[in-house]
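Engineer: Have a look at this prediction, sequence included:
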Amino acid sequence: MIRFHPCSDIGLLARLDAELFPIDKPPTWEGAHWFVGYDDSEPVAFCGWKPVDHEGPVGFHYRAGVLPAWRGRGLQCEMIQHRERKMLEDGLSAAVTYTDADNAASMCSLIAEGYRPYVPTAATVLSGQGRLGRVGFVHWRKELQP
């Protein structure tokens, strides 16, 4: 069983991020809540979320990754659920995120957890400055239930 623990070890997070997202720019570690999933003492997954103003305060699923040997075991859905519980504990009532349009695995996990696509406004786009309407990104939202 994988257990998720809060993580402030930027070195560990950066190592996992570099392995899982080798061509992406690293996320901004500060301001986000980070968790690492462990199989005993071996880190096998990580995820983060942060509060954002998105037509009101919401939780943003910021980054998540699972090492290849551990994929296909439902860890993406577990990480979504874990972060949603933390968002609810912080008083948030909605969660948002975005995916690359060709990331079928992440989209399937989000759909399975009740997320639906939506069209952001210029003021609420999550996928970066200048990316509104750009082909290649799907934005997702879910109203959280206690």
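Structural biologist: Arrived safely. It should be emphasised that the depicted structure is a prediction, and the values quoted were computed from it without experimental measurement.
Engineer: does Lys25 count as helix, strand or coil?
Structural biologist: Secondary structure state of Lys25, per DSSP: H, G, I helix; E, B strand; the rest coil, is coil.
Engineer: Mind naming the longest helix for this protein?
Structural biologist: helix 75-89 (DSSP state H).
Engineer: Now do that helix: which elements does it pack against?
Structural biologist: Packing contacts for helix 75-89, counted by 3 or more CB pairs under 8 Å, 6 or more residues apart in numbering; DSSP states H and E, involve strand 3-6, strand 33-39, strand 42-53, strand 57-66, strand 94-100, helix 104-112. The C-beta positions use only the backbone N, C-alpha and C, and glycine is treated the same way.
Engineer: hmm, who's touching it?
Structural biologist: With contact meaning CB atoms under 8 Å, 6 or more residues apart in numbering, helix 75-89 is reached by 2, 4, 33, 35, 37, 44-45, 47-49, 51, 58-59, 61, 64, 66, 95, 105-106, 109-110, 112-113, 142, 144, 146.
Engineer: same check, this time on stretch 65-74
Structural biologist: Residues from elsewhere that reach stretch 65-74 (CB under 8 Å, 6+ apart): 2, 16-17, 19-21, 37, 39, 44-47, 75-76, 105.
Engineer: Arg83: how many residues sit nearby?
Structural biologist: Applying other CB atoms under 10 Å, we find 24 other residues in the vicinity of Arg83.
Engineer: Narrow the contacts of stretch 65-74 to just the buried residues.
Structural biologist: Buried subset of the contacts of stretch 65-74 (neighbour count, 16 or more other CB atoms under 10 Å): Ile2, Leu16, Asp17, Leu20, Gly37, Val44, Ala45, Phe46, Cys47, Leu75, Gln76.
Engineer: residue contacts, the fourth one?
Structural biologist: This points to Leu20. Leu20 neighbours (CB under 8 Å, 6+ apart): Phe46, Gly65, Val66, Leu67.
Engineer: Could you find the closest non-adjacent residue to Val119?
Structural biologist: His139 (7.1 Å; CB to CB, 6 or more residues apart in numbering).
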